[in-house]
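Participant: Dropping a prediction and its sequence here:
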Amino acid sequence: MKKEKRVWIGFSLGLLILGGVLFWSNGARSGDIYETIENHIFLIGKVYNEVIQKYVDKVDSEEIVESAINGMLSTLDPYTNYIKQEDKAQLEILTEGKYQGVGLILNYRNNMVIVAEPPFMGTPAARAGIREGDVIVKVNNMETKDLGFEKTVQNIRGPAGTEVVLTIQREGEPKPLEFRLIREQIKIEDVQYAGIVDDGIGYILLTRFSKNAGQEVKNAIRRLQSQKPLKGLILDLRSNPGGMLESAVEVTELFLPKNSLIVSTRGRLKETVQEFRSQNPPVYGEGPLVILVNGISASASEIVAGAIQDHDRGIIVGDTTFGKGLVQTVVPLSSNSALKITTAKYYTPSGRCIQRKNYSKWEDSTAIHSENRFRTDQGRSVSEGGGIIPDWVVRPPEANDYYWDLRRKSMFFNFAVFYANTHAALDSNFEITETILSDFQNYLKEKSYEYQHPLEKGLEGLKNEAIQNGYGTELLKDIDKLQKSIQRAKQDMFYHCLNDIKRTLRLELASKFFGTRKQIELALKDDVVFQKALELLRDPNLYKTVLNRK
């Protein structure tokens, strides 16, 4: 397929527009299908007519129709959505490249405002630790269920420098989490960093796959090559949620020989069965290459990692990827609405479908089965299902809940802003001193920061129940002892995660005083996944051994 005729198939960004509805093109069965459709539409129309005319209270006809659509789509995969005007505006933001807000992409599902993707890297929402799947229940003091989707989005966006408070419900958390964010000018660039990080080793941080990703990565490689001959290259796709298939193909072909198979798509319709191959000679086609991934690397990121792994072009390092191998097509419904529908799944060059969950009934599940083994070009065995499993698995150590509570409440970021505004510029090689730590602790006291241990709420409820039901003084004494023990433990939690606190304070202060580039460079020094990549590239024998393992 010639490059100028390639289509853009959206994953997390869902930007492909195909004219007309693509359903039911199989002529052999079209009669049966149309008869079924006619019967079902008649039934739906009859219910709608009865409700509109006879329901005891007057109903909003538009709301009824939207609820019916969302109810129907809720039985499918999470990525098939009804897109209203405000959703379309969010997609347009990705093509325009900038807006003022906190860096979130949202959607509306089951009457809830949900964070649809990981926040844009480096934005207020990302720094605070907001995650994909979080449900926004309040904006400032306004309930999102009362605001509706469009007004919720409008209230989250606003002039740079202003504050917005988001209350979020997160699965697994006993109570809502509150995030206090300062809006910024959000500029969307796919390549967040490119530089020489070691003797002849380049590093490129790619945070998503919008329409400019291929050209940005190509330009970055050219710049690195102009500085000195590259002995190796690290492409960081960690926490990259994906984007356009077209961009994934353009990035991958920078590393593979011309005409290499990069990815294929397959669905029920013949239009969805396609192969995508590299159309140009590679820009970096022979040197050692390491791709970094983690559990949030998804869709287009997995296309790149899967193709590089299947062709034995480089080593994948990190943690197993997200496992999103679904292709979405956006079908216009009216001037201000559209349907984003899953129409196919994608497959790596060896034939693997790495979709983690099987949402459709028209294809066998892609859960990992020991008998489903695939081979790379050089005969290495790779698994299907559950994401791309790295050639070398490295998982960063996890911090405790106290640390994450500080991040959720933007205490590191807010302190860094305060510190930068009230202190002279730091030396570029600064460390977190006892004085800075003391200033941070005093700042937490001034802001009345309080951490609630996950056990506290349960103990308080148990205490109230004991009092109400007369369980006796002995139980109450035991509860009081536990509460005091938790209070003592809370006083020590700051020091239990002291290294994580120092590291994050250093990164936030570096960002405020020296910018994002310096922040990234400092972060890499303590990054165990990145350090493993460097080790592999510094040792040619180790690099070859990993690539040649059967």
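Facilitator: That came through fine.

Participant: Who are the contact partners of I136?
Facilitator: 106, 113-115, 144, 152, 156, 166-168 (C-beta atoms under 8 Å, 6 or more residues apart in numbering). In this view, the C-beta of every residue, glycine as well, is placed from N, C-alpha and C.

Participant: part of a helix, is it?
Facilitator: No: looking at I136 with DSSP: H, G, I helix; E, B strand; the rest coil, it is strand, so not inside a helix.

Participant: Could you check how far it is from T144?
Facilitator: For I136, the distance to T144 equals 6 Å [C-beta to C-beta, to the nearest Å].

Participant: what is in contact with those two at once?
Facilitator: Shared contacts of I136 and T144, defined by C-beta under 8 Å, 6+ apart, comprise 113, 152.

Participant: quick one: pLDDT of A89?
Facilitator: On pLDDT, A89 comes in at 54.

Participant: Likewise for I501?
Facilitator: 96.

Participant: mind listing what the closest residue in space to V293 that isn't next to it in sequence touches?
Facilitator: In space, V293 comes closest to G318 once its chain neighbours are excluded; the distance is 4.5 Å by C-beta to C-beta, 6 or more residues apart in numbering. The contact partners of G318, by C-beta under 8 Å, 6+ apart, come to 238, 292-294, 297, 390, 393-394, 529.

Participant: Please repeat the previous calculation with a cut-off of 10 Å.
Facilitator: With contact set as C-beta atoms under 10 Å, 6 or more residues apart in numbering, G318 has these partners: 236-238, 290-295, 297, 305, 388, 390-396, 529-530, 532-533.

Participant: how much space is there between it and P332?
Facilitator: Distance from G318 to P332, counting by C-beta to C-beta: 38 Å.

Participant: Likewise for P540?
Facilitator: 53 Å.

Participant: Looking at those two, which has the bigger crowd around it?
Facilitator: Comparing P540 with P332 by other C-beta atoms under 10 Å, the one with more neighbours is P332, at 16 against 12.

Participant: so the more buried one makes contact with I341?
Facilitator: No: counting by C-beta atoms under 10 Å, P332 sits too far from I341 to count as a contact (11.8 Å).

Participant: on that earlier part again, ok, what's across the strand from the residue nearest to V293?
Facilitator: Beta bridges link G318 to V293, V393, judged by DSSP bridges.

Participant: any idea which element R238 lies in?
Facilitator: R238 is part of no helix or strand, with elements assigned from DSSP states H and E.

Participant: pLDDT averaged over the single longest strand found in the chain - what is it?
Facilitator: Taking DSSP state E as the criterion, the chain has its longest strand at strand 337-347. Over the span of strand 337-347, the pLDDT mean works out to 88.

Participant: Going C-terminal from the lowest-mean-pLDDT helix or strand in the chain, what's the next secondary structure element?
Facilitator: Here the helix or strand of the chain ranked lowest by mean pLDDT, DSSP states H and E is helix 85-96, holding a mean of 55. Following helix 85-96 in sequence order, the next helix or strand is strand 98-101 (DSSP H and E).

Participant: what packs against the helix or strand following that next one?
Facilitator: Per DSSP H and E, the first helix or strand lying C-terminal to strand 98-101 is strand 106-109. Under the contact criterion of 3 or more C-beta pairs under 10 Å, 6 or more residues apart in numbering; DSSP states H and E, strand 106-109 touches helix 61-73, strand 81-83, helix 85-96, strand 112-115, helix 144-156.

Participant: between those, which gets nearest to G232?
Facilitator: helix 85-96 (31.6 Å; C-beta to C-beta).

Participant: In the stretch 301-450 of the chain, where is pLDDT below threshold?
Facilitator: 359-372, 385 (pLDDT under 70).

Participant: ok, 80 please
Facilitator: By pLDDT under 80, the weakly predicted segments of the stretch 301-450 of the chain are 335-336, 357-373, 384-386, 421.

Participant: Helices along that one, start to end?
Facilitator: If DSSP state H, counting those that start in this stretch is used as the criterion, the helices of the stretch 301-450 of the chain fall at 401-408, 411-422, 434-446.

Participant: what's the answer for the stretch 151-300 of the chain, then?
Facilitator: Under DSSP H, counting those that start in this stretch, the stretch 151-300 of the chain gives helices at 213-227, 245-252, 300-310.

Participant: In JSON lines: those, plus mean neighbour count and distance to Y419.
Facilitator: Output for those, formatted as JSON lines (neighbours: other C-beta atoms under 10 Å; distance: least, C-beta to C-beta, whole Å):
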{"stretch": "helix 213-227", "mean neighbour count": "18", "distance to Y419": "32"}
{"stretch": "helix 245-252", "mean neighbour count": "27", "distance to Y419": "38"}
{"stretch": "helix 300-310", "mean neighbour count": "29", "distance to Y419": "35"}
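
Participant: could you dump those helices to TSV with distance to G71?
Facilitator: Shown next, in TSV, are the helices of the stretch 151-300 of the chain (distance: least, C-beta to C-beta, whole Å):
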stretch	distance to G71
helix 213-227	36
helix 245-252	29
helix 300-310	30
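
Participant: Give me the local confidence score for R183.
Facilitator: 94.

Participant: Name the residue closest to the centre of this structure, please.
Facilitator: With distances taken as C-alpha atoms, centre = their mean, the residue of the chain nearest its centroid is P118 (3.1 Å).

Participant: Give me the domain ranges for this structure.
Facilitator: 98-187, 192-323+353-395, 401-525 (automatic domain parsing).

Participant: I'd like to know which of those domains is closest to Y48.
Facilitator: domain 98-187 (18.8 Å).

Participant: between the domains of the chain, which one is nearest to I83?
Facilitator: So among the domains of the chain, domain 98-187 is nearest, using C-beta to C-beta, at 8.4 Å.

Participant: need the contact list for the nearest residue in space to Q309 that is not next to it in sequence.
Facilitator: With C-beta to C-beta, 6+ apart as the criterion, Q309 has its nearest non-adjacent residue at 5.2 Å, and that residue is I316. I316 is in contact with 237, 289-293, 297, 304-306, 308-309, 382, 388-393, 546, counting by C-beta under 10 Å, 6+ apart.
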